[in-house]
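S.K.: output the structure for:
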Amino acid sequence: MQNYGQHSTPRTTPFPINGNAFIPNARLNYYSAVNNANGCVITTWQGIISNVQPNGNGNLVTLAYVPLLDSGTYGQCCFIVDSDYTEQYQVNNDGSFQYTGSFDPEGRAGQMPEIATL
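M.R.: Next up, the predicted model:
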């Protein structure tokens, strides 16, 4: 998985809702207990837009991110059910975006979240 860390310069690649295009260090840290634990491997990411706030340059977009997992212990249809991790991006009118920060309101970074299977 590619790790781009934190970026402060606008990027012109497609906005990173799903996949592995852009992964801030804060997200990797938050879910660090999941990767390679109990046979779980983070294969990609899924983001859900939870808030859009217009501003003078475009929109401040908040996304809730969860990893998609493959697991020998839980099976291929496992998912995290109790994440409160979010990220914010400034999406500019010209289509560029900038990662502005992440939020872990309950301080659960690095802790094993609840995992469910289908």
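S.K.: could I get the phi/psi values of the residue lying farthest from the centre of the chain?
M.R.: Centroid-distance maximum for the chain: G56 at 25.4 Å, with CA atoms, centre = their mean. Backbone torsions for G56, taken as degrees, to the nearest 10, come to phi -60, psi -20.
S.K.: what score does it have for pLDDT?
M.R.: In this prediction, G56 carries a pLDDT score of 91.
S.K.: quick one, what contacts it?
M.R.: Counting by CB atoms under 8 Å, 6 or more residues apart in numbering, G56 makes contact with nothing. C-beta here means a position set from N, CA and C on the backbone, and glycine is covered the same way.
S.K.: ditto for G107
M.R.: Under the criterion of CB under 8 Å, 6+ apart, G107 has no contact partners.
S.K.: now the biggest strand by length in the chain: buried residues?
M.R.: Criterion DSSP state E: the longest strand present in the chain is strand 40-55. Neighbour-count burial for strand 40-55, counted by 16 or more other CB atoms under 10 Å, picks out 40, 42, 45, 47.
S.K.: what do you get for stretch 55-63?
M.R.: With the criterion 16+ other CB under 10 Å, stretch 55-63 contains buried residues 58-59, 61-63.
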